[in-house]
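Engineer: This is a predicted model, with the sequence first.
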Amino acid sequence: MFTDEQLEKKVQDILCEEFELDAEKLKPQANLYEDLGLDSLDAVDLVVALEQGFGIKLTDEEAVRSVRTLDDLYALLRKIRDQRMGS
Amino acid sequence: MGKDYRFVKRRVVITGMGAVSPYGLGVDKFIRGIWTNTSAVTVMEEWEDRGLRSHLAAPVPDFDVKKAVHRMFRRNMGGMALYAAIAAREAVEDSKIDSSLLAAGRVGVVMGSTTGSPEAYEAFYEKFFPDRRAHGIKSGLFFKIMGHTCSANTAQFLGVSGEQWASVSACASSSQAIGLGFLLISSGRQDVMICGGADEVHHTVTMVFDVVGAASLRNSNPDTTPSPFDVRRDGVVCGGGSGVVMLESLEHARRRGARIYGEIAGFGNTTDSGHISNPSPLAMKNAMLNAIKEAGITRDDISYVNAHATGTVTGDAAEAEAISMIFGKRAPVSSLKGHFGHTLGAAGSLETIAVLKMIERQELVPTLNLDEPAPDCNNINLLRKFEKMPVCSVLKNNFALGGVNTSIVLRSVD
């Protein structure tokens, strides 16, 4: 299982790789759409990349849609990690 | 009531050119490769494991794609759409058209290719086939696969808002794109059309020709094949790239002081419904005659024929017969396939660019790898060396499996 730090680092690596983003822009409060320039198609691809990267399924579409910032994304992934640990 | 454009007939000229070819990025590299008689054919060693007998191709050399096209556009582009967009950008820049016109509704795009990106198809089915389920499929894959991937991506990339068309007719895709652009401008529906086509080298594409015994097997001598009209010709070598030309009404071009490379004076387009793969000299001949007629000239006005001739046994002989029926041994004839292979959806437009340079330089380029004319092709005037001569009106042939036969009259403009 990933520590919080490892989880965030992995998300950042995925974003840099998938969307060719500058790592310096990946502040926790950065808005994925307004600050990082992602769009609706990128959101689809982000889900695919996260599922592959973390070996998970992001099935809660409502929760995914509500993600706006990197912090939101970290929180969602931490929640999924914790649920898996609990089960 | 809007203006009735149906009977408006306007002259159509070429004001810009862009190329991504087996010689690299840009028209300059493309033209240099041809005029230095350089073969762009190479051995694809990795194809030995693909069950192919032919291991030959003329791919676009690697380049920095990240530098060439921004990710937001590139994510939806397979190789062919990437080539199309880059070539189209070069053509637009070359034409020096005001970029604000691109989004004003009077500039359109027509681009063709044989299919969508074969590499993307393979990627999709690799994901899909193990359990026949859609998972892990990225959003851009469909936009790479769809039949109009080249036109759609080019329009998005350049911000074009006029008519978008996709001419998907294999090896005649880009000659039909030029023909359609010509019709749209001639009729008054559009002022400018960004016309061309693209294709990418992929083992499944060469496989099509390999299966029917029409791919060259000269794996140990890549720079001697394909050899159009030659007695030893043994099939096609597929290439990749994109050629794009800016077509514009003569009036529009003159009004903005554009450089004019030449005129599209006529477009012949006939169907051979007798057989889906066997070429028909009669249908080829009729395409050429229709183009000549539309141009308002006679066969005697044609300075040169740029043949489709891909190096197949049956195709070259049929085209030679068709040309012979019109010109006998008068008009010089050559094919550019020996230089950079058969670029399929890009062939018509890339070769058109080369022909425009022949008109500009008043110099004809011979067929590379034509060492000994075949008896069944020697009924025409096969050009054997570079020749300086007056080049005014040229017939540019392109044919495709499925019975598609096209011929364009390209003419110099005073």
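Structural biologist: Now that the structure is in, tell me what you want to look at.
Engineer: what does chain A put close to chain B?
Structural biologist: A:Phe19, A:Glu20, A:Gly37, A:Asp39, A:Leu41, A:Asp42, A:Val44, A:Asp45, A:Val48, A:Glu51, A:Gln52 (Cβ under 8 Å from any Cβ of the partner chain). Just so you know, the C-beta spots here come from the backbone N, C-alpha and C atoms, and that holds for glycine as well.
Engineer: try it again with 10 Å
Structural biologist: Proximity of chain A to chain B (Cβ under 10 Å from any Cβ of the partner chain) is limited to residues A:18-21, A:37-49, A:51-52, A:57.
Engineer: Taking the stretch 101-250 of chain B, what residue is nearest to chain A?
Structural biologist: Closest to chain A within the stretch 101-250 of chain B is B:Ser139: 4.2 Å, counting by Cβ to the nearest Cβ.
Engineer: Would you confirm that that residue contacts A:Leu38?
Structural biologist: No. Here B:Ser139 does not reach A:Leu38: they are 11.5 Å apart, not a contact under Cβ atoms under 10 Å.
Engineer: shared neighbours of the two, anything?
Structural biologist: A:Asp45, A:Leu46 (Cβ atoms under 10 Å, 6 or more residues apart in numbering or on different chains).
Engineer: Phi first, then psi, for B:Gln164.
Structural biologist: In terms of degrees, to the nearest 10, the main-chain angles of B:Gln164 are phi -120, psi 130.
Engineer: who does it bridge with?
Structural biologist: B:Val109 (DSSP bridges).
Engineer: so what's it up against?
Structural biologist: B:Gly108, B:Val109, B:Val110, B:Met111, B:His148, B:Ser151, B:Ala152, B:Thr154, B:Ala155, B:Gln156, B:Ile194.
Engineer: what do you get for B:Gly108?
Structural biologist: B:102, B:151, B:155, B:160-165, B:180-181, B:184-185, B:189-195, B:247.
Engineer: Could you list which of those belong to helices?
Structural biologist: Judged by DSSP state H, the contacts of B:Gly108 include B:Ser151, B:Ala155, B:Leu180, B:Gly181, B:Leu184, B:Ile185 as members of helices.
Engineer: And these, which is closest to B:Met72?
Structural biologist: The closest of these to B:Met72 turns out to be B:Ala155 (Cβ to Cβ; 14.5 Å).
Engineer: thinking that closest one is in contact with B:Leu102, fair?
Structural biologist: Yes. The pair formed by B:Ala155 and B:Leu102 meets the contact definition of Cβ under 10 Å, at 9.3 Å.
Engineer: Tell me which of the two has more neighbours.
Structural biologist: B:Ala155 (24 against 21; other Cβ atoms under 10 Å in any protein chain shown).
Engineer: Would you mind measuring from that one to B:His148?
Structural biologist: The gap separating B:Ala155 from B:His148 is 9 Å, by Cβ to Cβ, to the nearest Å.
Engineer: hey, what's in contact with both of those two?
Structural biologist: What both B:Ala155 and B:His148 touch, as defined by Cβ under 10 Å, 6+ apart, is the set B:Val109, B:Val110, B:Met111, B:Gln164.
Engineer: Tell me the most packed of those, by neighbour count.
Structural biologist: Result: B:Met111 is most packed of these (other Cβ under 10 Å), 37 neighbours.
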